[in-house]
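> Following is a predicted model, sequence given first.
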Amino acid sequence: MRAASTRGGWKAAVAWATAAATLATYAATVVVMVSVGSRQTTSEWGTGRAEFVWLLAFVAFPVVGLLVATRKPSNAIGWICLLIGLSIGVNLAATAWAVYGFDVKRGALPGAVTAAWLSNWLWALWTGLIGSYLVLLFPDGRLPSHRWRWFGWVPAFSILTMSLTEALTPGTLADVAIENPYAIDAIRPLMPVLGVLALLMPVTFIASMASLVVRYRRAPSEQRQQLKWVATAAVFVAVLFGFAGTGAMLMGEGPTPVFMQVAQDLVTISFAGIPVAVGFAILRYRLYDIDRVINRAVVYTILTLSMAGFYAGAVILLQRLTAPFTGRSDLAVAGSTLAVAAMFRPALSRIRAFVNRRFYRRTYDATRTIEAFGSRLRDQIDLDTLTRELVRATSETVQPAHVSLWLKQAPPAAID
C-alpha cells in the first residue's frame, strides 16, 4: 500500500511539474510577444497575432492533462496531453524568441538562432501526438486490440522521421530568413526518400481515425459516450475550418477582410474543444449529456441554414415583386425579417421532431410510450391492468433484462 501511494505521489509530482513548466513557457511567450509590439507574424491565418490565439486555444491541453494524470495516472491520455501542451509551449516560446531576436534585436539576442531552429521542427511533435496517439489510445490509454500492437510503433517512427527531416535538412528556416544552422549536407541526396516518408504522418492520422470507428463498434455503452465527446468536438472543428477555408478561397488573393480574420481565429480557438472533450469523457463528468449536445447542435444547425436560406430567398423575391411600386425601399427586408421571426418557433418544433424521429428513434419512441401510458393511467382504475401497463411501459422505455413489480399494501384507514 505504501509503495503504491509513493508511486502515485511521484506521478502527481511529475504531472504538476510538467504543467508548471508548460504554463511558464506560455507566460514567457506572452511577455516576449508584448515586447515585439505591433510586428505582424508570418502567419497568413487569423488577425496576425497568431501566437496569442494559439496560446488561448491550447492552454486546455496542459490543464486537462494535469487533471487526468493526477486522477487517473495509469491512463496514457493525460500524459500525452501534458506532452502536447509542453511541446506547443516550447514551440511558441521559441518562435517568439526568434522573432524578437531577429526583428527587434537584429540578430544580437543570444539563442535566437537555436530558437528559430527549434520552432522549425517542433510542430511535428505535437501535431503527430494529436493526430495519432491521442486518437489511437483514447479513451482508456490502450490500443483498440492486440492486432493494433504493431501499428503502435508506426506513429512514433513517422514523428521521429518528420522531426529529423525538418531539423536537419538544409534550407531557409520558416520564421526568420536564415539558413538552417544545424543542417547536414549529406541529407541532400536523401531528399526524395524523406519526401516519401513524410507522407507516413498523414497516413497514420487516417489509420488512427479508423481505429476510433473500430473501437466504437466494439465498445460498451459508456465507452461509446466517451467516443461521442471527442467525435463531436472534432466534427465541430472540421466544420468551422471548412467554412473558414472555403471563405478564404472565395476571397481570392489580396488582403483578407477583418471579419474573415476573426473567423479564422475563432476556428483556432475551437481546437480547445478537443482537449476539453477528452477531459469530460475520461473523467466522466456529465458524460451522458453529449447526446443532448449533439441533438441541439444538429437541430440548430438545420434551423439556422433553413432560416438563412428562406430569408435570402424571401428578400430577393419580395424585392422583385415590390420594386415596380416601392423602388429601392427596405420593405422587402422588413417583411422577410417578420416572416422569419414568425416561422422560428414552428420551424424549431418541426425540425426537432424530425431529428428525434430520424436520429434518436429510441428516445422518441420512449417519450411517446410514456405519454401514452400517462394518458391511459388517468382513465384506468383496475390494479391488474395498471400493473401490466406499467411493466410494459418500463420494458419498452428502459429495456431492462428483467422487470418485477412489488406493491406494498396500504394499512387500513383508522375509523374514529
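Ah, there it is. If you're wondering where the values come from, they're calculated on a predicted model, not measured in any experiment.
> The closest residue to residue 166 other than its chain neighbours: what's it in contact with?
For residue 166, the nearest residue in space outside its immediate sequence neighbours is residue 121; the separation is 3.6 Å by Cβ to Cβ, 6 or more residues apart in numbering. Every C-beta, even on glycine, is put in place using the N, C-alpha and C of the backbone. Taking Cβ atoms under 8 Å, 6 or more residues apart in numbering, we find residue 121 in contact with 162-167.
> any idea which of the residues you listed is closest to residue 316?
residue 162 (49.8 Å; Cβ to Cβ).
> which is the next helix or strand following the host helix or strand of residue 242?
Counting by DSSP states H and E, the element that carries residue 242 is helix 221-251. Remark: after helix 221-251, the chain's next helix or strand is helix 258-270, criterion DSSP H and E.
> between the following helix or strand past that following helix and helix 221-251, how big is the angle?
Beyond helix 258-270 on the C-terminal side, the first helix or strand identified by DSSP H and E is helix 273-283. Using axes from the mean of the first three to the mean of the last three Cα atoms, to 10 degrees, the inter-axis angle of helix 273-283 relative to helix 221-251 is 180 degrees.
> List the buried residues for helix 273-283?
Burial within helix 273-283, assessed by neighbour count using 16 or more other Cβ atoms under 10 Å, is assigned to 273-282.
> Return the closest of the residues you listed with respect to residue 189.
The closest of the buried residues of helix 273-283 to residue 189 turns out to be residue 274 (Cβ to Cβ; 39.4 Å).
> Find the residue closest to the closest one in space, skipping its chain neighbours.
Leaving out its chain neighbours, residue 274 is closest to residue 233 (Cβ to Cβ, 6+ apart), at 4.8 Å.
> What is the burial count for the one you found?
Taking other Cβ atoms under 10 Å as the criterion, the count of residues near residue 233 is 23.
> Surely it and residue 276 touch.
Yes. Distance between residue 233 and residue 276: 7.1 Å, which falls inside the contact criterion (Cβ atoms under 8 Å).
> now the helix or strand hosting residue 115: mean pLDDT?
With elements taken from DSSP H and E, the one containing residue 115 is helix 112-121. When pLDDT is averaged over helix 112-121, the result is 87.
> Only the buried residues of that helix, if you could.
112-113, 115-121.
> go on, stretch 214-224?
Going by neighbour count (16+ other Cβ under 10 Å), the buried part of stretch 214-224 is 215, 219, 223.
> who's in contact with the second one?
This means residue 219. For residue 219, the contacting residues are residue 227, taking Cβ under 8 Å, 6+ apart as the criterion.
> Angles on the backbone of it, please.
Main-chain dihedrals, residue 219, degrees, to the nearest 10: phi -80, psi 150.
> Could you check how far it is from residue 148?
In this view, residue 219 and residue 148 are 14 Å apart by Cβ to Cβ, to the nearest Å.
> tally of neighbours for residue 302?
The criterion is other Cβ under 10 Å. On that basis, residue 302 has 16 neighbouring residues.
> swap that for residue 12, sorry
Summarising burial for residue 12: neighbours were counted as other Cβ under 10 Å, giving 15.
> And for residue 125?
20.
> Looks like it contacts residue 85 (just checking).
No. In this structure, residue 125 is not within contact of residue 85 by Cβ under 8 Å, at 11.6 Å.
> ok so, going back, can I get the buried residues of helix 273-283 in TSV including pLDDT and distance to residue 71?
Putting the buried residues of helix 273-283 into TSV (pLDDT from 0 to 100; distance: Cβ to Cβ, whole Å) gives the following:
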residue	pLDDT	distance to residue 71
273	86	21
274	88	19
275	90	15
276	88	16
277	87	17
278	89	13
279	87	10
280	86	13
281	86	13
282	87	9
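> And the strands in the stretch 251-400 of the chain?
The residue ranges that make up strands in the stretch 251-400 of the chain, judged by DSSP state E, counting those that start in this stretch, are empty, as it has none.
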